[in-house]
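In: sequence and predicted structure are below.
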Amino acid sequence: MRLLFTKRLLQLFIFFGCAVLSPALAQNFRVEGVVTDAATSETLIGVSVIIKGTKTGTSSGVDGRYSLASVAPGTILVVTYIGYEPLEIPVNAARVDIRLKASANQLEDVVVIGYGSVKRKDVTTAISTISTKDLDQRPIVSAAQAIQGRAAGVSVIQPNGTPGAEMSIRVRGTTSFNGSNDPLYVVDGVPVDNIRFLSPNDIESMQILKDASSAAIYGSRAANGVILISTKAGKNGDAKISFNGQFTQNKVTNEIDVLNFSQYRDLQNEIGLVTLPEGLTDQTDWFDETYKTGELQNYQLSISDGTEKLKYYLSAGYLNETGVLNTSFFKRYNFRANIDNKVRNWLTVGANINYADYASNGVTTGLGANRGGVILSVVNTPTYAPVWNPDNPNQYYNNFYGVGNITSPLENMARSKNNKDRENRLIASGNALITFAPEVTFKSSFTVDRRNALITTFLDPISTTWGRNQYGEASDNRNMNTVLTFDNVLNYNKTFGKHGIEAMAGSSYTESDYTNSYINGSHFRNDLIQTLNAANRIGWSNTGSGASDWAIMSYFGRVAYNYDSKYLITANIRSDGSSKLHPDHRWGYFPSFSAAWRLSSEEFMSGIEWLNDLKIRGGWGQTGNQSGIGDYAYLQRYNIGRIEWFKEGQENAVPTISQANLRTSDLTWETTTQTNVGLDFTAFKNRVTVNLDYYFKRTTDMLMNVSLPAGAAAANTIARNEGEMTNKGFEVMVNTQNLNGPFTWSTDFNISFNRNKLESLELQKIYSDAVTSNTVNEAVVRNEPGRSLGGFFGYISDGVDPETGQLMYRDLNGDSKISSTDRTYIGDPNADFIFGLTNSFSYKNFSLSVFLQGSYGNDIFNASRMETEGMYDGKNQSTRVLDRWRVPGQIKDVPKAGFDIRNSSYFIEDGSYLRVKNVSLSYNIQGELLKRLKISRLQSYVSASNLLTWTNYSGMDPEVNQWGNNGAVQGIDWGTYPQSKSFVLGVNVEF
């Protein structure tokens with residue numbers, strides 16, 4: 001019995017022993033797979049795959065593939081990659097594909113700052129990062145469009161829908177009255193005035209320096225904020241060919257209905273100025289004749305690769321956009337080469353070369369139908385008129401029965417269809433980085449920025465009324481601008497235990513040389529030769545050449561101290577000397593400092609587990625602006641007057657010289673001082689990130705052109721430091737990772753509040769601007785101390801008088817008559833707040849992005865309605881006038897025909913809107929065939945922009961300003977080129 005028990009126990013022991021040891025004795029096998037991004041399904045290169053508890057491992061190759069030769073079943077693989085969540089995967093099969101999720105902890109990301117970089121968690125200033133992940137899926141022409149609605153405190157509007165139109169960008173409000181309010185763009189360390197030349201597909205990252213403590217390192221050019229752009233570069237072991245192709249159709253988002261002939265005739269009978277013959281009928285729908293479906297084609301190709309010593313990125317692209325007004329277009333060719341070569345362990349050299357050639361042709365807007373305005377003439381041209389003159393088939397129809405101020409929209413477009421605005425731009429930069437020690441580096445760079453522009457116009461002598469009057473006309477304007485920049489920067493970065501010190505010192509020299517020539521002519525025989533050699537008369541005036549130059553010398557430095565990422569202090573100083581200013585006032589000094597305290601690292605915060613990071617920060621700084629003055633602002637300048645040498649007795653005459661300006665030798669820098677307080681925190685395992693900022697900006701010594709009393713001097717204006725203005729505001733940015741897993745959902749939200757105020761003016765107390773309708777002929781914008789810029793000024797309309805049909809204007813001064821003294825402020829174009837909301841979803845190979853953007857509380861002066869509802873002459877009108885007053889006793893919102901029209905609140909409208917700015921849906925195609933073809937990414941997508949707009953504004957689009965980027969005039973719609981609704985089909989390919 002005992003022997004049997006012992007035998008059975010031994011058998012049981014052997015059984016369990018074999019069961020335990022069997023995995024260890026099992027045969028090892030080869031494991032392989034592909035590492036991809038969980039959201040985009042893109043392959044990831046250089047991902048670390050290590051067997052847990054050992055140093056044995058590998059990394060993914062150029063196609064995202066990895067392999068381990070001998071792995072036991074049940075082994076744990078530890079997968080890590082910068083910017084992604086680490087992952088541990090048990091091995092139970094020979095093939096293990098790995099999908100990594102982007103890290104929700106953005107605190108470890110590196111952000112670019114002026115002449116350096118820093119981890120996001122150690123930032124002490126107000127910096128916004130713009131996501132570039134969806135730039136290749138949106139129909140954007142300029143990188144500036146990528147900023148709209150994406151950053152708190154940054155207002156971006158597209159003032160009109162002209163192809164290739166410049167964007168209007170305001171960082172924390174308008175800071176200058178007469179000067180530029182555009183931010184400074186710095187592309188790969190090179191300051192540029194605009195980024196029209198830059199393809200959005202070449203952009204790797206975008207940072208916006210919003211407060212003075214971050215922007216002051218750029219001194220005199222940073223008063224309006226700084227946008228830092230880094231372009232793509234080659235990576236070690238990442239050989240890649242990428243192609244992006246887009247086809248876009250653009251359609252007008254809104255239409256204004258017009259009177260048919262019968263309704264037009266009734267209106268003219270009431271006005272009593274036009275007698276129409278019998279037998280006229282509706283012949284032309286001018287909207288259908290004028291507006292077409294615009295198209296945009298965009299093709300971008302890039303090749304990149306790299307080794308430990310040499311990295312390169314090459315790209316080329318072609319973009320061609322035709323507008324909804326089909327004579328307008330924008331076309332761009334671009335080429336970029338970024339090269340870095342580690343020549344020695346202590347020496348790295350690099351070169352960035354960008355060449356772009358772009359051309360455009362707009363149409364005449366912002367004018368009435370009588371002065372070539374295309375948009376308004378679509379409404380104002382009567383429908384009885386044909387396109388072409390039946391008696392002269394090569395001429396546009398122009399018989400409007402005594403109405404001499406109408407030309408059709410097609411004739412107005414023909415007046416500019418042969419105009420071309422072309423520019424080619426070469427930015428070539430070379431740099432050398434010397435590493436004296438791991439903590440000490442010196443970088444020297446030299447940049448040439450050369451722009452050649454050619455603007456030509458031609459109007460044939462046959463088809464249009466104006467062309468026949470001039471016997472045809474043409475012009476040729478050429479200019480070249482060369483800007484040289486030489487930068488030298490010494491950096492020191494050292495960590496001593498928990499102490500970190502970063503110091504930087506440098507210099508920058510910028511020199512600009514500008515030349516131009518211009519000539520015009522008229523009296524052409526026909527339209528077969530469109531150059532000036534076919535003109536019989538070369539213009540006596542507006543023909544000549546010119547030149548100018550300017551230079552800036554700058555010295556700057558920064559010191560930053562970091563204690564355990566808990567206490568952070570940064571101080572900057574920059575000194576700029578400008579040739580535009582008098583030698584006694586040439587140098588400006590722009591200091592700044594900022595500090596941050598990470599409360600979440602303190603002992604008293606250790607028990608709050610849901611909070612990942614909490615930091616408060618504050619800063620103060622000064623920045624400058626000199627863009628409001630010319631290259632020789634402080635010097636006495638003169639006008640040259642030509643004498644008509646071809647007249648008898650003047651054959652050998654020489655030009656006259658006259659005083660051009662009043663000299664102001666005490667001109668100094670326009671300076672903006674800004675204080676900023678901010679709070680950053682992340683919570684709930686880094687799934688919620690919030691940034692809060694409050695700022696106060698004061699601009700002093702504003703550079704302005706002051707009007708002088710008539711006859712007071714040889715010149716009627718003088719440039720001087722004249723006024724003071726403030727901006728204060730509050731910003732909120734929130735990022736949330738709502739769902740993680742097979743289905744992901746993230747949200748980005750920002751909202752900004754800004755209050756602008758013109759505080760004081762010294763000599764001239766009132767500035768009036770923006771004259772629109774010829775009939776009213778009065779400025780509608782008034783700027784004076786105590787109010788926000790751009791206020792609308794006119795009469796208060798109290799509705800239609802039921803007895804007379806006239807608009808009733810309020811008698812403010814109580815003198816029982818309506819006069820100019822009864823005018824007051826009737827509207828404000830400044831928004832109460834602007835906002836943007838982006839929701840991004842992904843499931844398996846599908847990705848969806850929905851971007852909303854809007855503005856609230858801003859007014860628009862709809863000057864277009866003066867032309868389309870004014871009822872004062874023979875122009876056709878919109879159907880809104882069908883509801884006009886006709887007989888005594890009627891209660892109407894629209895006055896009678898021929899009413900007393902003035903700049904008034906009748907034309908002020910609420911410009912608030914909420915817009916579905918973009919919706920993009922993409923799908924990543926995968927399969928064995930693609931793997932065999934070595935295609936790592938094949939993504940198709942559809943996208944729609946300006947899909948829906950909710951607004952009470954009656955015009956064609958609420959995102960409008962006919963005065964473009966003007967700081968003093970905003971929110972005016974006067975026959976402005978409308979925005980388009982865009983539909984995109986595209987594909988991204990990488991292999």
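Out: Sure, I can see it.
In: for the rest of this, base every contact and every neighbour count on C-alpha atoms.
Out: Will do.
In: let's see the pLDDT reported for residue 9.
Out: Here the pLDDT value assigned to residue 9 is 40.
In: just the one 3 residues further on next, same as before
Out: With respect to pLDDT, residue 12 scores 41.
In: just how off-centre is stretch 227-245 within its chain?
Out: 22 Å (CA atoms, centre = their mean, to the nearest Å).
In: for the closest residue to residue 201 other than its chain neighbours, give me its contacts.
Out: Leaving out its chain neighbours, the residue that sits closest to residue 201 by CA to CA, 6 or more residues apart in numbering is residue 136, at 6.1 Å. Contacts for residue 136 were tallied using CA atoms under 8 Å, 6 or more residues apart in numbering; they are 200, 201, 244, 988.
In: hang on, residue 136 in a helix?
Out: Yes. Secondary structure assignment places residue 136 in a helix (DSSP: H, G, I helix; E, B strand; the rest coil).
In: which parts of the stretch 51-200 of the chain are strands?
Out: Secondary structure of the stretch 51-200 of the chain (DSSP state E, counting those that start in this stretch): strands at 57-59, 65-71, 76-80, 87-90, 98-100, 110-113, 116-119, 127-130, 154-157, 168-171, 184-187, 190-192.
In: could you dump those strands into a markdown table and include mean pLDDT?
Out: Listed next are the strands of the stretch 51-200 of the chain as a markdown table, based on pLDDT from 0 to 100:
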| stretch | mean pLDDT |
| --- | --- |
| strand 57-59 | 77 |
| strand 65-71 | 83 |
| strand 76-80 | 84 |
| strand 87-90 | 83 |
| strand 98-100 | 84 |
| strand 110-113 | 74 |
| strand 116-119 | 77 |
| strand 127-130 | 83 |
| strand 154-157 | 86 |
| strand 168-171 | 87 |
| strand 184-187 | 89 |
| strand 190-192 | 88 |
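In: helices and strands of this protein: which one has the lowest mean pLDDT?
Out: helix 2-25 (a mean of 42; mean pLDDT, DSSP states H and E).
In: which element follows that one toward the C-terminus?
Out: strand 29-37 (DSSP states H and E).
In: contact partners of that following strand?
Out: Taking contacts as CA under 8 Å, 6+ apart, the residues outside strand 29-37 that touch it are 42-45, 47, 60, 63-73, 93-102.
In: please identify the buried residues of it?
Out: In terms of neighbour count (16 or more other CA atoms under 10 Å), strand 29-37 has its buried residues at 31, 32, 33, 34, 35, 36.
In: so in terms of bridging, what pairs with the first one?
Out: Think residue 31. Here residue 31 sits in beta bridges with residue 68, going by DSSP bridges.
In: do the same with residue 396
Out: According to DSSP bridges, the residues that bridge with residue 396 are residue 388.
In: lowest pLDDT pick from the buried residues of strand 29-37?
Out: When the buried residues of strand 29-37 are compared by pLDDT, residue 36 scores lowest at 83.
In: so what's that one closest to, chain neighbours aside?
Out: Excluding its sequence neighbours, the residue lying closest to residue 36 (CA to CA, 6+ apart) is residue 43, at 4.2 Å.
In: ok, residue 465 - contacts?
Out: Residue 465 makes contacts with 396, 398, as judged by CA under 8 Å, 6+ apart.
In: backbone dihedrals for it, please?
Out: Taking degrees, to the nearest 10, you get phi -60, psi -50 for the backbone angles of residue 465.
In: also the one 10 residues further on?
Out: Per-residue torsions, residue 475: phi -150, psi 160 (degrees, to the nearest 10).
In: could you check how far it is from residue 633?
Out: Plainly put, residue 475 is 29 Å away from residue 633 if you go by CA to CA, to the nearest Å.
In: make a ChimeraX selection of whichever of the contacts of strand 29-37 turn out to be buried.
Out: Per 16+ other CA under 10 Å, the buried members of these correspond to this ChimeraX selection:
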select :42,43,44,45,47,60,63,64,65,66,67,68,71,72,73,94,96,98,99,100,101,102
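In: quick one on the thing from earlier: so which of the contacts of residue 136 belong to strands?
Out: 244, 988 (DSSP state E).
In: quick one: low-confidence parts of this protein?
Out: The model of the chain has pLDDT under 70 over residues 1-27, 39-40, 46, 55, 62-63, 82-83, 102-110, 137, 710-713.
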